[in-house]
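Asker: I need the structure of the sequence given here:
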Amino acid sequence: MKKGSNNGAKPKLGNKEYVKELRKLQVELCRLQDWVRVTGKRIVVVFEGRDAAGKGGTIRAITERVSTRVFRVVALPAPSDREKSQMYMQRYLAHFPAAGEIVIFDRSWYNRLGVEHVMGFATKEEHAEFLKLCPILEGYIVEGGIMLVKIWLEVSNEEQERRFRARIEDPLRQWKLSAMDFPSRIRWYDYSRARDMMLKATDTKVAPWYIVRSDNKKRARLNTIAHFLKQIPYKKVPKEKVKMPKRSMKGAYNDEASLKGRRFVAEKY
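Answerer: Below you'll find the model as predicted:
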């Protein structure tokens, strides 16, 4: 990835072209899935970014054609009182992958360096300590055999505002509004400084950050999936050709007639 590159000037991608390219990438995700199953690899993918950066849609594009037994999405709620008393990373480590699994964190331990820091949920001391410890912990994670991919979705101020307004006005999007959305608009520059500190401390050779410009949602999804696939040295796993078996006629009877008189859903569509 070229540092400082910007695809924001590119036109919107047509839906036909987007679906065509997405299908190609999703086929590769299925091949990756097979490889992970066979090799027993463990992969962690971290998605971070400002509110309305497009994390949810990107994760859905990754996971909609693969098995939830291999690709597991973790989106933790606010910590309970018990979890607050634990070591900070403890509740995240509990969701790490076993052999043959890929775990996608929709927000992660980086909450401490983002929203918790900006909104005052973590003390300055806790923030400073985690800035220091995070790269060390990630070094241990990678050394332990887990592949760690970290992706930051970067949305512009103008586009974030446009998406928030759409959430306010569209009843199909209002559920996306959270108590943190509007403070994130007010504290734009606080979040920018938190991002900059995070990148300076945790963008390491062992666990680098990759930034995806996400003003154009469709292009961002495709670029993210293509980049993710490039990070994993997977190979196509040979498969035996599958043949459709013939239905056995042993014990055959009129199994449609036996449903007569049962309650069927009205066919309104």
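
Asker: can you list the strands that the helix or strand harbouring residue 212 pairs with?
Answerer: Assigned by DSSP states H and E, residue 212 falls within strand 209-213. Sheet pairing of strand 209-213 (DSSP bridges) gives strand 146-154 (parallel).

Asker: who's in contact with the partner strand?
Answerer: The contact list for strand 146-154 (CB atoms under 8 Å, 6 or more residues apart in numbering) reads 41-50, 53-55, 58, 96-97, 138, 141-142, 195, 199, 202, 207-214, 220, 224, 227-228, 231-232. All C-beta spots, glycine's among them, are computed from the backbone N, C-alpha and C.

Asker: again, 7 Å this time
Answerer: 41-49, 53-55, 58, 96, 138, 141-142, 207-214, 220, 224, 228, 231-232 (CB atoms under 7 Å, 6 or more residues apart in numbering).

Asker: give me the neighbour count for the closest residue to residue 72 other than its chain neighbours.
Answerer: Spatial nearest neighbour of residue 72, chain neighbours left out: residue 103 (5.1 Å); criterion: CB to CB, 6 or more residues apart in numbering. Other residues near residue 103 come to 21 when the count uses other CB atoms under 10 Å.

Asker: could you identify the buried members of the contacts of strand 146-154?
Answerer: Among those, those scoring as buried are 41-49, 53-55, 58, 138, 141, 207, 209-214, 220, 224, 228, 232 (criterion: 16 or more other CB atoms under 10 Å).

Asker: in contact with the spatially most central residue of the chain: list those residues for me.
Answerer: Closest to where the C-alpha atoms of the chain average out (CA atoms, centre = their mean) is residue 59, at 3.9 Å. By CB under 7 Å, 6+ apart, residue 59 lies in contact with 47, 73, 104, 106.

Asker: longest single helix anywhere in this protein?
Answerer: Criterion DSSP state H: the longest helix present in the chain is helix 15-39.

Asker: show me what that helix is in contact with.
Answerer: Under CB under 7 Å, 6+ apart, the answer for helix 15-39 is 43, 61-62, 65-67, 70-71, 100, 102, 218, 222, 225-226, 229, 232, 234-237.

Asker: buried sites along that helix?
Answerer: So helix 15-39, judged by 16+ other CB under 10 Å, has buried residues 18, 21-22, 25-26, 28-29, 32-37.

Asker: ok, stretch 114-130 next?
Answerer: Residues 114-118, 122, 127, 130 are the ones in stretch 114-130 that count as buried (16+ other CB under 10 Å).

Asker: just send those residues back as a markdown table, with secondary structure too.
Answerer: Formatted as a markdown table, those follow (DSSP: H, G, I helix; E, B strand; the rest coil):
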| residue | secondary structure |
| --- | --- |
| 114 | coil |
| 115 | helix |
| 116 | helix |
| 117 | helix |
| 118 | helix |
| 122 | coil |
| 127 | helix |
| 130 | helix |
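
Asker: out of those residues, flag the one nearest to residue 80.
Answerer: Residue 80 has its nearest neighbour among these in residue 116, at 15.2 Å by CB to CB.

Asker: give me the pLDDT for the nearest residue in space to the closest one that is not next to it in sequence.
Answerer: Residue nearest to residue 116 in three dimensions, not counting chain neighbours: residue 122, with 4.0 Å by CB to CB, 6+ apart. In this model, residue 122 is scored at 96, pLDDT.

Asker: got phi/psi on residue 122?
Answerer: The phi/psi pair for residue 122 (degrees, to the nearest 10) reads phi -120, psi 150.

Asker: residue 194 versus that one, what's the distance?
Answerer: Distance of residue 122 to residue 194, computed by CB to CB, to the nearest Å: 11 Å.

Asker: mind giving me the PyMOL command for buried ones among the contacts of helix 15-39?
Answerer: The buried residues among the contacts of helix 15-39 can be selected in PyMOL (16+ other CB under 10 Å) with this line:
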select buried, resi 43+61+62+66+70+71+100+102+218+222+225+232+234
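
Asker: of the contacts of helix 15-39, which belong to helices?
Answerer: Per DSSP H, the contacts of helix 15-39 map to helices at 61-62, 218, 222, 225-226, 229.
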